[in-house]
Structures are given as C-alpha cells and as structure tokens.
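Peer 1: Give me the fold of what follows.
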Amino acid sequence: MLRRLYIRDYIIVDQLELEFAAGFVALTGETGAGKSILVDALSLALGERADAASVRSGCEKAEISAEFSVSAGSALSNWLRDNDFDDDACLMRRVIESSGRSRGYINGVPATLTQLREAADFLADIHGQHAHHCLLRSDAQRQLLDGLAGHKPLVEEVAAIHAAWRKAKDERLTAEKNAEANIREREMLAWQVKELTALGFEAGGWAETTLEHRKLAHAASLQSGVEEILDGLSEGEQAAMWQVERMGARLRQLIDYDPSLKGALETIEGAQIQLQEAAHVLRHYRDRIDLDPARLSEMESRIRAVHDAARKYRVAPEELPQLLAGWGARLIELETLQDAAALAEREAQARQAYLARAATLSKGRKKAATALSKAVTEAMQQLAMPGGRFEAVLEKLPEGASYGLESVEFRVSAHPGQPSGPMSKVASGGELSRIGLAIQVIASASGNVPTLVFDEVDVGIGGGVAEIVGRLLKQLGGDRQVLCVTHLPQVAAQADRQWTVSKEGADNGVVSRVIPLDREGRIEEIARMLGGLQITPTTRKHAAEMLGY
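Peer 2: Just a heads-up that it's a prediction; the model follows:
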C-alpha cells in the first residue's frame, strides 16, 4: 500500500509530505483548493504523461515521490527483481522540468514510463471523476469485463493469433491476386538463374578466373623471361652463381691475412645459397608453364561471357554470384507463394488456432458477464434504483476480431418495467453516475491492487445514496487502502481518517496545504460541508452525529 507521498513545486504545491496508513481516508476541502492535485501528482509518479504546466510557476522543476510497501514473494516483488530493481521497497519518483521533459526512477534507478506504468499495475487503481463516461464506450466496457476476469494475458494471446491468421489470409489473397505476375517473374528468374549458373563460378571465383587468364595469355613471356633469368643465375662462366663462388674463394684466402673479413665471407656464402634456391624454384616453375592455346581460348570466351552478363544486369563481374544467390532465394519464395494449397492450409490452421483460443476467452467472458450483471444489479437496489437491472451483454461478431468473437455492451433498465437498453441511452445523468460508481467499486473489490483512489467519483449523487456510497467505500477500506477525494459530507463521515486541503497566500502566489484532522477538526469540516460558511451549533451537532461521536 501507499506509505508516503512527497510533492515539491507541483502546480500550487510548494512542498508537501504525507504519510498514509491502511483503511479509508477522505480528502475534503473547498472547491479549487487542490484536492485532485494530490491524485494527479500520484498519477504522475505512476507513469502518467507530464507537461511543463506541472511545474509550479517560477520553479525549474517539479518532483513527486510515492513510496509503497512490498510484500516478500508478491507479484510486485517478483516484477521488481525481474526488472533489476531492488525488491525490498518500491519508491516511484518523477522529476518534471520546466521545459516539459521528465525523468522517472524506481528505487533510485532510472526507469522508462512503460516500466513506471507496469509497476503501477501492482500498486494502485485510480478512478477519476469522469470515469463513468468512459464506460459508455463498447471498448472500455469490454476491457473492464476482461480486467474483472483477469483475461489480459489471454486477450493479448488471442490478438497475436488473430494477427497471424490475418497475415496468412493476406498472403493467400495476395498470391491469388498476383498469380499471373508471379508466374511471369518465376519464369524469368528461372532463365536468369540458368544463365548465370552456366558461367560456373561462385563467390571469389572471378579473381581466380582472371588470374588464370593472365598466366595463360602471357605464358610465352613467362617462359622466356624465366629462361633468361636462369641463364644469368647459373649458366656459363659469367653467371651470378659462379661469380659469387669465385669471390668467396678469393675472400677465404684473404682471411688468412685478416680474420676480420670472416663476416663478409659469411654474407657471401649466404647469398650463394639463396641464389641456388632461387634457381631451383625458377627451374621448377619453368617446367610447369602451360602453353595451352585451347585453354586460353576457352578462358577468353568465358571472360567475355561474364563481362556480357555483368553489363546486361548492370553489376560488376565479381557481384554476379551475389546476384545469383538473391535470384535463387526469390525463386524459392515465388514457388512457395504459388503453392495455393499450402497457403490455404496455413490459413486454415491459423484460423482454427484463433477460434480455439477465442472460444476459451468467450467462455470466461460469459462467466464474468453473469457475475458482473448480478453484482451491479444488487448495487443498484442500494443506490436509489429499486427494481433496476444491469446486464453485460455479449454480442457475437460474424468474423471475429483481434479482441475475440464478441463485443460487449452494458445495458440498463433503471426502473421496473422499463425495457433494458444501452447504458448511454437509457440512464439519466444521475443514474449514470451511480451505476458507474457501482461498477468501479465492484471492479476494485474484485482486483488485487492494494491501493484504490477515487477522485470525486460521487459527483451527481447526494442524500441517502451518498451515505450508501460512503459505506461501500468504507467496506472496501476493510482490507484495502482507499483514498477518496469527495465534496459530500455523507461520504467523508464514513472515512476512518480525514484530511482537509486548503489554499493560502505565499510570496510567489497561492500554495496548497493538507492538514490531517482530529476529532474536533473533523466535526468542523463536516459541518462546513453541510452548512457552508454559516456553521451553527445545530450544524456541528449534526456533523458529530454523522461521525458517530
């Protein structure tokens, strides 16, 4: 549950730190005092979007921190650990700059807005004063029903399977539409693949081909040149090898006179060995030179063919193997697309998988719709709508949709004998407020989130109905933490604790203050809510009676 809320330089709050406990807490105060600002600040800490207007006038940034308790082994603890946050506490922090940019943190570690919102799913449910208007939309009604039933993972799975089915169907339709064009493309690619395959070289083969051609084209020059070099190295008395050998012999004689020439002799003897090795290599090369005009002619024809193909397809010769590989892959793809039976079978399998999981979702929705209809109908009897009836109706969709096989519509009969109809058309404004509140309370009661926040959700009701609403919230506060911003004394009087929010002047404008109320403070505040500016002893007595004092 929420333990502490710290706010600094947010709208009209300069600095505020509140500590929370379990049970039902009511926040009251004059209109415009900033009661809903506290709820908005908490929403920002939990990942709602922020803008520059969040920062108090004249300040550089606003800061909001919300500290929640964490139970060992809980879903929240597991989520924190899985996302590399410390799991012994949960401190949600948001910093909004005057430029509108913001940063989020969880337990002091930078966090994305998505992570803040994911953590918020385990921490708090916030119901705004206009939440019942959202319930007039079919998609919101469906999402609420699925939330009550815990269907979120199954809904996501159904949506993914539906997308796979649609993709398979689109591939089949596209193949049928493009059948003739695909046939022409496949025939052309098959001919082109055959043409390039006949050239007979793979990646890297062009370099080998051009090298072999150069050797064949210059074989005679290579042969005569090697012969010439061999003559100069080892043939005749003037050959280099014999010249070096004679110089070595003469140097050995001179060493007898001066031993320091021994180093020079070693160098000459090394040169002699290297010349012998070079002559050996050249003789071996000369004997392997291939004077093959037929092979040369074959290589020249092949190179001409490669150059012709490269010009034809506007690529470099060395890029032809890569081009061939791409064509081959496309040819395989086209052959697959042309297999109408395989595409139809793939589509049928995807459709069957969708229908199977969607049927499971439908079964769960029917059960949840029955339970919700019963619970809201019972609540309507307490909320000044005796004989009223609520139905969560599932309407089958002919082709199904990404969210399942049916849409959801909330229907209401506000009075006995009145035919049921869509909630938006049958219920009056006051009835809509009461029904919406009943749905929110029931939805909160069925969930596992420890902190429930209601921001003036009692707008549009009063009198005995307001007292019943207060009792419902107090009942929720028995095992949850409930925070309620209210302008109704009947609701506030049911709270375990009450805080009042007020505005006061400051050096740089107006600031908001929050004061926990004691026994006398609660009597005064409830009396103010009952009687306005003129608070009489009778009003105070009535307030004390409402509070059970």
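Peer 1: how near is Thr273 to Ala22?
Peer 2: Just to correct that, residue 273 is Ile rather than Thr. 97 Å (CB to CB, to the nearest Å). (Each C-beta comes from the backbone N, C-alpha and C, glycine too.)
Peer 1: These two: which is more packed in?
Peer 2: Using other CB atoms under 10 Å as the criterion, Ile273 and Ala22 rank with Ala22 on top: 17 against 10.
Peer 1: show me what contacts that one?
Peer 2: If you count contacts by CB atoms under 8 Å, 6 or more residues apart in numbering, Ala22 has them with Met1, Gly477, Gln481.
Peer 1: Excluding sequence neighbours, find me the nearest residue to the second one.
Peer 2: Setting aside the residues directly before and after it, Gly477 is nearest to Phe24 in space (CB to CB, 6 or more residues apart in numbering), at 3.1 Å.
Peer 1: Run a quick neighbour tally on the one you found.
Peer 2: 25.
Peer 1: so which helix or strand takes in Leu483?
Peer 2: Per DSSP states H and E, Leu483 falls inside strand 481-485.
Peer 1: I meant to write Glu431 there.
Peer 2: Assigned by DSSP H and E, Glu431 falls within helix 429-446.
Peer 1: That helix vs strand 481-485, what angle?
Peer 2: 160 degrees (axes from the mean of the first three to the mean of the last three CA atoms, to 10 degrees).
Peer 1: which outside residues touch helix 429-446?
Peer 2: Contacts of helix 429-446 (CB under 8 Å, 6+ apart): 125, 127, 131-133, 135-136, 144, 147-148, 372, 375-376, 379-380, 383-385, 388, 390, 410, 412, 414, 423-424, 427, 452, 454, 457-461, 465, 469, 472-473, 476, 480.
Peer 1: what does stretch 231-251 give?
Peer 2: Leu261, Ala264, Leu265, Ile268, Glu269, Ala271, Gln272, Leu275, Gln276, Ala278, Ala279, Leu282.
Peer 1: Read off the pLDDT value for the fifth one.
Peer 2: In this prediction, Glu269 carries a pLDDT score of 87.
Peer 1: Quick check: the gap between it and Trp242.
Peer 2: For Glu269 relative to Trp242 (CB to CB), the value is 14 Å.
Peer 1: Over to Asp82?
Peer 2: Asp82 sits 84 Å away from Trp242, taking CB to CB as the criterion.
Peer 1: I'd guessed Glu456 sits against Val491; true?
Peer 2: No: counting by CB atoms under 8 Å, Val491 is not a contact partner of Glu456; they are 9.9 Å apart.
Peer 1: Of the two, which one has the most company?
Peer 2: Comparing Glu456 with Val491 by other CB under 10 Å, the one with more neighbours is Val491, at 30 against 20.
Peer 1: The more buried one should be in a strand, yeah?
Peer 2: No: under DSSP: H, G, I helix; E, B strand; the rest coil, Val491 falls outside any strand and is assigned helix.
Peer 1: give me every residue that touches it.
Peer 2: Per CB under 8 Å, 6+ apart, neighbours of Val491: Ala26, Asp458, Ala466, Glu467, Val469, Gly470, Leu473, Cys484.
Peer 1: The residues you listed in helices, which ones?
Peer 2: Ala466, Glu467, Val469, Gly470, Leu473 (DSSP state H).
Peer 1: Which of these has the largest number of neighbours?
Peer 2: Of these, with other CB under 10 Å as the count, Val469 tops at 29 neighbours.
Peer 1: which one is Val408 nearest to, not counting chain neighbours?
Peer 2: Leaving aside its sequence neighbours, Val408 sits nearest to Arg142 (CB to CB, 6+ apart; 4.0 Å).
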